[in-house]
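Student: Coordinates only, no sequence provided:
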């Protein structure tokens, strides 16, 4: 069963004896997928994976920048809207803060993952899949499933993740967290992955900096996906990136997807940000 753990510091989430240096994947979802928010055309979930000791080092080292810039909790929407602790900040100060946070991630956090789903297209796909007798989940859980698959198949971390196992941490508060948790356990059992998919837990935004940078990735992946939704493949390649996104991908490699077509045999389309070669 999952655990809700309020302690500070990602390295304190569970006893070290249960992790033994394994990978920890910290995920956040931006915007709910219930249809309550008319602006939430795209549901996104994203976050970063690293070993326990590297998250511990990041948490310890990044704190000085939060203190220097006077930021208690990093909420991506507040940063974007120049609200809360970011009230009155110029773009240059925002970029300087994020640059320092991500410099602490460089060489510690090997990969970021994000998956998004265009909800209108998803609902059409649900209808098509139901005609074929195929089971469907909410867009939120679909995105979670995509990330699980990306982690285990990734050429950078996939081999070690399959060997050493992965513990998943998801931000609390989303109404479809129970469905994602049920899906996690179903995948473990059906595919015999008990030694690979170690655990799933839920943590609050204030619990650690790891969940806050996950929120940043989920927020900007949704924005970027929305901007690219109606562009041609070449226009997507040529599209200008937000400066904060540029900072993120210059420091940490990212694998991201935006799914805009759904059906019994339709794979998601790759739209997204990659670390420059």
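Tutor: Noted; the coordinates are in hand. Nothing here was measured: the structure is a model prediction, and the numbers come from that model.
Student: what bits of the stretch 51-200 of the chain have low per-residue confidence?
Tutor: 124-135 (pLDDT under 70).
Student: max-length helix in this protein?
Tutor: helix 209-228 (DSSP state H).
Student: Just the buried residues of that helix, please?
Tutor: Within helix 209-228, the residues scored as buried using 16 or more other C-beta atoms under 10 Å are 209-226, 228. Bear in mind the C-beta positions are built from the backbone N, C-alpha and C, glycine included.
Student: what's across from the spatially most central residue of the chain in the sheet?
Tutor: For the chain, the residue nearest the mean C-alpha position is residue 46 (1.1 Å; C-alpha atoms, centre = their mean). For residue 46, the beta-bridge partners are residue 28, residue 114 (DSSP bridges).
Student: pretty sure it is touching residue 224, no?
Tutor: No - at 10.7 Å, residue 46 does not count as touching residue 224 under the criterion of C-beta atoms under 8 Å.
Student: Strands of this protein, start to end?
Tutor: Here the chain has its strands, by DSSP state E, at 23-30, 42-51, 111-118, 166-171, 197-203, 254-259.
Student: JSON lines please, covering those and showing distance to residue 245.
Tutor: Formatted as JSON lines, those follow (distance: least, C-beta to C-beta, whole Å):
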{"stretch": "strand 23-30", "distance to residue 245": "14"}
{"stretch": "strand 42-51", "distance to residue 245": "12"}
{"stretch": "strand 111-118", "distance to residue 245": "11"}
{"stretch": "strand 166-171", "distance to residue 245": "20"}
{"stretch": "strand 197-203", "distance to residue 245": "25"}
{"stretch": "strand 254-259", "distance to residue 245": "9"}
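Student: among those, which is nearest residue 138?
Tutor: strand 42-51 (8.3 Å; C-beta to C-beta).
Student: so how far is the closest one off the chain centroid?
Tutor: Offset of strand 42-51 from its chain centre (C-alpha atoms, centre = their mean, to the nearest Å): 1 Å.
Student: which strands and helices sit next to it?
Tutor: Applying 3 or more C-beta pairs under 8 Å, 6 or more residues apart in numbering; DSSP states H and E, we find strand 42-51 packed against strand 23-30, strand 111-118, helix 139-153, helix 209-228.
Student: Near the residue lying closest to residue 142 once chain neighbours are set aside, how many other residues are there?
Tutor: The spatially closest residue to residue 142, leaving aside those adjacent along the chain, is residue 117, at 5.5 Å (C-beta to C-beta, 6 or more residues apart in numbering). Neighbour count of residue 117, defined by other C-beta atoms under 10 Å: 28.
Student: ok, residue 117 touching residue 141?
Tutor: No - between residue 117 and residue 141 there is no contact under C-beta under 8 Å: 9.9 Å.
Student: intersection of neighbour lists for these two?
Tutor: Residues touching both residue 117 and residue 141 by C-beta atoms under 8 Å, 6 or more residues apart in numbering: none at all.
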